[in-house]
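Peer 1: below are the sequence and a predicted model; questions follow.
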Amino acid sequence: MLNLLISFACSALSSALMMRFVTPNMWITMAVSAIVFAGIFMLMTRITMKKVTALMELAQRDMMANRGDKAVKELQAGLKYGAWQIYVKQQINSQIGTIYYLKRDFKQAVPFLEKGFVRNWVSTCMLAITYMKKNKTSKMVETFGKAVSANRKEPMVYALYAFCMDRIGERGKAIEVLNKGIAKAAADERLQENLALLEAGKKMKMKGFGDMWYQFHLEKQGAMIKKQTKAMTGRRKQVMR
């Protein structure tokens, strides 16, 4: 926000100086004023986002090193940039909420996810899933709806939405969601496969989405460990051969 206000102030000042010392021509003055505004706003936005990006990368490295608490503190320190640039605060809240969700600290995650950035489909879907687990179906549907509207071409948003609808006993609506996803997400094969499964009265299979699927904690931890153990055993057998 401050970036915007400073850019407007500089633009207004340049306009006044142009009218006073250079030319009374309104069109020339407006053109120069617009150039000044755009140039300063772009420069300040670039500086702010460079700082935010560095902060996000630092937090990501800490997460990879299993230092979640440190990552959260670093991100919270970056909330100050929200006063300078629009949507920065929401993006940081999404990241903090995601970290808590991954740690299964859902109580801590929800307030941050609720203040998150809707275009961050991962955090928005995490929020929707949390509502489902709390039996807040209407909020779940509303949140998934926002995720779909803001990320129309992301196949996994539709898959997660359909999976949750099927889990709460709304298979017909889950099928509708997948049909919409296939139409918007370039006929994704994983969506088509899961649509066929639901229409055949079977459960959806999400392994096609890889490790991304497991971060949403929709599969029981025991089942995940069993699959990982089976995969490791298979690899060992191949090595022995």
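Peer 2: Thanks, I have it. Computed from a prediction, not measured in an experiment: that's the story for all the values here. Numbers count the residues shown, from 1 in each chain.

Peer 1: give me the most central residue, the chain.
Peer 2: In the chain, the C-alpha closest to the average C-alpha coordinate belongs to Asn120, at a distance of 1.5 Å (Cα atoms, centre = their mean).

Peer 1: how much space between it and Leu195?
Peer 2: Asn120 sits 26 Å away from Leu195 when distances are taken as Cβ to Cβ, to the nearest Å. Where you see a C-beta, it was placed from the backbone N, CA and C, and this is true even at glycine.

Peer 1: for Ile47, same thing?
Peer 2: 46 Å.

Peer 1: so for the two, which sits in the more crowded spot?
Peer 2: For Ile47 versus Leu195, neighbours defined as other Cβ atoms under 10 Å are more numerous around Leu195 (21 against 13).

Peer 1: what's the domain layout of the chain?
Peer 2: For the chain, automatic domain parsing gives the domain ranges 1-117, 118-220.

Peer 1: ranking these by burial, who's on top?
Peer 2: The highest mean neighbour count among the domains of the chain belongs to domain 118-220 (a mean of 18), with neighbours defined as mean count of other Cβ atoms under 10 Å.

Peer 1: surely Leu160 meets Thr124?
Peer 2: No: with contacts counted by Cβ atoms under 8 Å, Leu160 stays clear of Thr124, the gap being 9.9 Å.

Peer 1: could you list the low-pLDDT ranges of this structure?
Peer 2: Scanning the chain for pLDDT under 70 picks out the ranges 1, 3, 8, 221-241.

Peer 1: and the helices in it, which stretches?
Peer 2: Assigned by DSSP state H, the helices in the chain fall at 2-17, 26-64, 68-77, 88-102, 106-114, 121-133, 137-150, 155-167, 171-184, 189-199, 211-214, 221-240.

Peer 1: what angle sits between the longest one and helix 2-17?
Peer 2: Helix 26-64 and helix 2-17 meet at an angle of 160 degrees, taking axes from the mean of the first three to the mean of the last three Cα atoms, to 10 degrees as the criterion.

Peer 1: quick check: angle from helix 26-64 to helix 68-77?
Peer 2: Between the axes of helix 26-64 and helix 68-77, defined by the same axes, to 10 degrees, the angle is 160 degrees.

Peer 1: what packs against helix 26-64?
Peer 2: Identification of packing neighbours for helix 26-64 by 3 or more Cβ pairs under 8 Å, 6 or more residues apart in numbering; DSSP states H and E yields helix 2-17, helix 68-77, helix 88-102.

Peer 1: want to throw the ones you listed into a markdown table with distance to Ala128?
Peer 2: What follows is those, written out as a markdown table (distance: least, Cβ to Cβ, whole Å):
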| stretch | distance to Ala128 |
| --- | --- |
| helix 2-17 | 31 |
| helix 68-77 | 22 |
| helix 88-102 | 11 |
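
Peer 1: as a markdown table, the helices of the chain with distance to Lys205 would be great.
Peer 2: Output for those, formatted as a markdown table (distance: least, Cβ to Cβ, whole Å):
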| stretch | distance to Lys205 |
| --- | --- |
| helix 2-17 | 46 |
| helix 26-64 | 28 |
| helix 68-77 | 30 |
| helix 88-102 | 23 |
| helix 106-114 | 25 |
| helix 121-133 | 18 |
| helix 137-150 | 20 |
| helix 155-167 | 10 |
| helix 171-184 | 13 |
| helix 189-199 | 6 |
| helix 211-214 | 10 |
| helix 221-240 | 12 |
